[in-house]
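Trainee: Provided below for reference: sequence and predicted model.
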Amino acid sequence: MITKDQILKANAAGLNHITTGDFWSYYTATLQVAYNLGSNGIILENAETITAFRYGKAPEKFVSFNYADNKSENGLSVYTEKSIIRSEFLGREKYTYTGLVSGTGSDGELLILCFDAEYLD
């Protein structure tokens, strides 16, 4: 599992590399997203840590995929108790995940950088 500190360190590296031009990549998809957000000027240092849920297990790399646009989201799509849940997800098994809020997905869902992801770097 990865930690909040590892996510923040990857994000800080991305922020730093804006000015140095020295870029690298991660094997851990969640850390790569944190790095990419940083390289786009998005700071996660004060991002909220939440526990949320989704219907159906998280993808293997804990990063959701937007099939309409054929690209990865900036984290794992999740719901909170305040979310409006799409009807096609009802009836699926509910799983709980904890992570840093990283933005909003293409369908308006909340995205997190999940601590449950396997550390591969």
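Mentor: Ah, there it is. Numbers count the residues shown, from 1 in each chain.

Trainee: Please make it C-alpha for all contacts and neighbour counts, starting now.
Mentor: Fine.

Trainee: Centroid-wise, who is the farthest residue in the protein?
Mentor: Ranked by distance from the centre of the chain (CA atoms, centre = their mean), the top residue is T20, with 24.9 Å.

Trainee: Report pLDDT for that one.
Mentor: pLDDT recorded at T20 is 83.

Trainee: same deal with K57?
Mentor: 93.

Trainee: Just give me the longest strand of the chain.
Mentor: strand 94-104 (DSSP state E).

Trainee: contacts for the helix or strand just after it?
Mentor: The first helix or strand that comes after strand 94-104 along the chain, using DSSP states H and E, is strand 110-114. Outside strand 110-114, the residues within contact range by CA atoms under 8 Å, 6 or more residues apart in numbering are 2, 7, 30, 33-34, 62-63, 73-79, 97-105.

Trainee: Check stretch 41-56 too.
Mentor: Contacts for stretch 41-56 (CA under 8 Å, 6+ apart): 8, 11-12, 15, 18, 34, 37-38, 77-81, 89-90, 92-102.

Trainee: One more: stretch 66-80?
Mentor: 30, 33, 37, 51-54, 58, 62-65, 85, 102-103, 105-106, 109-114.

Trainee: Could you give me the PyMOL syntax to select whichever of the residues you listed are buried?
Mentor: To isolate the buried ones among those in PyMOL, judged by 16 or more other CA atoms under 10 Å, type:
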select buried, resi 30+33+37+51+52+53+54+58+62+63+64+65+102+103+105+109+110+111+112+113+114
